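# okay, sequence plus prediction incoming.
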Amino acid sequence: MRYTRRAITILALTVLTATAGCSVEKDGGDSGTDASANCGSGKEFLIGMSQANNAEPYRQVMNDDVTTAAKAVPGFQVVVSDAAQDNSKQVADVENFLSQGINLLIISPNEAKPLTGVVKKAYDQGIPVIVLDRKVEGDAYTAFIGGDNVAIGKAAGEYYAKTLLPQGGKVVEISGLPGSTPAAERAQGFREGIASNPKIEIVATQTAEWLREKGQSVMDAMLKAQPDIDAVYAHNDPMAEGAYLAAKAAGKETAIKFTGIDALPVASGGIKAVEQGRLQATFQYATGGREAIDLAKKILVDCTKDVPKSTTLGTMQITKENAAQAYTELGGKQ
């Protein structure tokens, strides 16, 4: 069955104005992946993309990856909402999508626990749910796509232990938003990675909530409390760049080493920061946007009933030696 919809303008803060498209229902209530009643080619599908926070460059690239990939699939229309790092707003955004009759939900949760209930609600209504990047609690969703944050954090820790600070040193950690799964997992992995070098000491940990400007202010305070810092392990590249700016203002940017995570192949991303010498290393954390749309196509267009519950995206370590090559390989434009 096919319905008409009014045109929808995709904005950073989206107000939906469309009527419902093809409703995707569960078959017998077993899972949210069986769209056999309404799936198929030649139909129109409305996809709600609930983003945690468009202020982060990583999430802007993720949105672009989702919307660009969707344009290549006939019948796909994506509407993006921005929770602006507000859990209650993200819950409301998803509720709004549900009231408009979306056919599939893609969500990158701001925090796991507060978003678990509304994700389950969508899933229980028979709407396929793809959880992207950050997890929710439980397994009431169709599929999760994201990197292995423990493994990425461990790779960063091993880089510190063996290459960056082989003789040991004092490290401060600038972490992501408390309650978000990548922050906890990147902290855990890093500690596992540096365990082989007992001379490395984490002397302070503080959150900057994934944001560059907060990374700068946090680092400014850390420098006052910890004047003998050897390195900064930041949970993403913008916070690492903010920390670098604070160190530069204090005249310590050459005495301290900085690393981040994300490695976005854009001019303002971490790969270029490594290439230009501000960061010693970054670790790729793919957005998963294209993979999410590929999976949505399998569910809605190809009528695939059994899709992988979890897809782990690959990573790579990027230093000055391979930064230029990695930028090109990951699709960066000069």
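That came through fine.

# which residues touch the residue nearest to the spatial centre of the chain?
Geometric centre of the chain, nearest residue: D133, 4.3 Å, by CA atoms, centre = their mean. Counting by CB atoms under 8 Å, 6 or more residues apart in numbering, D133 touches M62, S108, I145, G146, G147, P182, T287, G288. No exception for glycine: its C-beta is placed from N, CA and C like everyone else's.

# could you redo the last one with a cut-off of 10 Å?
Contacts of D133 were listed using CB atoms under 10 Å, 6 or more residues apart in numbering, and they are 51-52, 58-59, 62, 107-109, 144-147, 149, 180-182, 285-289, 292, 313.

# what about it, distance to Q77?
22 Å (CB to CB, to the nearest Å).

# with P227 instead?
Counting by CB to CB, the gap from P227 to Q77 is 54 Å.

# these two: which is more packed in?
More neighbours surround Q77 than the other of P227 and Q77, with 20 against 10 (other CB atoms under 10 Å).

# phi, psi for the more buried one please.
Dihedral angles of Q77 (phi, psi; degrees, to the nearest 10) stand at phi -130, psi 130.

# nearest residue to it in space, please, no chain neighbours.
Excluding the flanking residues, the one nearest Q77 by CB to CB, 6 or more residues apart in numbering is L46, at 5.4 Å.

# on the three-state scheme, the one you found is what?
Taken by DSSP: H, G, I helix; E, B strand; the rest coil, the conformation at L46 corresponds to strand.

# so it sits against V79, correct?
Yes - the pair L46 and V79 passes the contact test of CB atoms under 10 Å, sitting 7.0 Å apart.

# what helices and strands are in contact with whichever helix or strand T282 is part of?
Taking DSSP states H and E as the criterion, T282 maps to strand 281-284. If contacts are counted by 3 or more CB pairs under 10 Å, 6 or more residues apart in numbering; DSSP states H and E, strand 281-284 sits against helix 149-159, helix 237-249, strand 257-262, helix 270-275, strand 317-318, helix 323-329.

# just checking, next helix/strand downstream of that strand?
Past strand 281-284, the next helix or strand by DSSP H and E is helix 289-300.

# so what's Q280 up against?
159-160, 163-164, 231-232, 240, 256-260, 273-274, 319-320.

# ok, the residues you listed vs A267, which is closest?
When the contacts of Q280 are ranked by distance to A267 (CB to CB), A273 comes first, at 10.3 Å.

# and the closest one, how many neighbours does it have?
So A273, with other CB under 10 Å, has 24 neighbours.

# any idea of the pLDDT on it?
Note on A273: pLDDT of 98.

# tell me where the stretch 51-200 of the chain has strands.
Here the stretch 51-200 of the chain has its strands, by DSSP state E, counting those that start in this stretch, at 76-82, 104-107, 129-132, 143-147, 169-175, 200-207.

# now these as JSON lines including distance to Q280 and mean pLDDT?
Formatted as JSON lines, the strands of the stretch 51-200 of the chain follow (distance: least, CB to CB, whole Å; pLDDT from 0 to 100):
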{"stretch": "strand 76-82", "distance to Q280": "32", "mean pLDDT": "98"}
{"stretch": "strand 104-107", "distance to Q280": "34", "mean pLDDT": "98"}
{"stretch": "strand 129-132", "distance to Q280": "29", "mean pLDDT": "98"}
{"stretch": "strand 143-147", "distance to Q280": "20", "mean pLDDT": "97"}
{"stretch": "strand 169-175", "distance to Q280": "12", "mean pLDDT": "98"}
{"stretch": "strand 200-207", "distance to Q280": "15", "mean pLDDT": "98"}
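
# let me have those strands in TSV, extended by distance to A122.
Below are these laid out as TSV (distance: least, CB to CB, whole Å):
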stretch	distance to A122
strand 76-82	13
strand 104-107	5
strand 129-132	5
strand 143-147	13
strand 169-175	29
strand 200-207	29
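
# mind checking which of those strands is nearest G269?
When the strands of the stretch 51-200 of the chain are compared by CB to CB, strand 143-147 sits nearest G269, at 15.7 Å.

# name the helices or strands packed onto the closest one?
Packed against strand 143-147 by the contact rule (3+ CB pairs under 10 Å, 6+ apart) you find strand 129-132, helix 181-194, helix 289-300, strand 310-313.

# let me know the angle separating it from helix 289-300.
Calculated by axes from the mean of the first three to the mean of the last three CA atoms, to 10 degrees, strand 143-147 forms an angle of 160 degrees with helix 289-300.

# paired strands for strand 143-147, with orientation please.
Strand pairing for strand 143-147, using DSSP bridges, gives strand 129-132 (parallel), strand 310-313 (parallel).

# which of the ones you listed sits most buried?
Compared across the strands paired with strand 143-147, strand 129-132 shows the largest average neighbour count, a mean of 26 (mean count of other CB atoms under 10 Å).

# so how far is that one off the chain centroid?
Strand 129-132 sits 12 Å away from the centroid of its parent chain (CA atoms, centre = their mean, to the nearest Å).
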